[in-house]
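Trainee: Fold the following, please.
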Amino acid sequence: MILKTMTTRLALAMLLVCTVGIGMAADSVDFSLADLNGKVHKLSDYRGKWVVVNYWATWCPPCLEEIPELETFHEGHKDKDAVVLGVALDSVSREKLLAFVNDQFMSYPVFPDKPRRSTPLGPIPGMPTTYVVSPEGEVVAWQVGGITREILERFLVKQQEKRNAATGGGQ
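Mentor: Alright, predicted model coming up:
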């Protein structure tokens, strides 16, 4: 329990530290990918919401561990303020990936892509890698390694506090 708490705090700290100097004054980014059904999604389609872009693979144990966390986060936010997009950097067929997604009960959009070391959002130094994109389309944080719903929830609360302080009030 203590190790899990320390790991969660460390991961949150890493995610929050990554916000410094990354994307806060940068131009917005955009890219498009086709989901497993062939529908093309653009990152800009999600402007106005926080977007958690998770790069993962079916062979990656930490990726598999975080899928339920990302699913819970997505379900709790998709109709309000945030979504999860999963990009599978994998060499499996579309059919195998679709079966995997169904077996894992993943409801967030999943996009098959080829293995790569860099993306329009930034580098992929290890798996999984997660980027957080602001409602304005700017990369504001990223993390290599597993992420949890709790880390994402705390991050959004901190970002909302910063926005409220910058505008001089709450919503």
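Trainee: tell me, how many neighbours does S107 end up with?
Mentor: By other C-beta atoms under 10 Å, 12 other residues sit near S107. Where you see a C-beta, it was placed from the backbone N, CA and C, and this is true even at glycine.
Trainee: scratch that, G146 is what I was asking about
Mentor: When neighbours are defined as other C-beta under 10 Å, G146 has 22 of them.
Trainee: the helices in the chain, which residues?
Mentor: In the chain, the helices defined using DSSP state H lie at 2-17, 61-77, 94-103, 149-167.
Trainee: Need the winner for burial among those helices.
Mentor: helix 61-77 (a mean of 18; mean count of other C-beta atoms under 10 Å).
Trainee: And the contacts of it?
Mentor: With contacts defined as C-beta atoms under 8 Å, 6 or more residues apart in numbering, helix 61-77 is touched by 49-50, 52, 54, 56-58, 82-84, 86, 104-108, 127-128, 145-149, 152-153.
Trainee: In space, not sequence, find me the middle residue of the chain.
Mentor: V52 (2.5 Å; C-alpha atoms, centre = their mean).
Trainee: roughly how far apart are it and Q143?
Mentor: Using C-beta to C-beta, to the nearest Å, V52 is found at 10 Å from Q143.
Trainee: joint contacts of these two?
Mentor: When C-beta under 8 Å, 6+ apart defines a contact, the residues bordering V52 and Q143 alike are T130.
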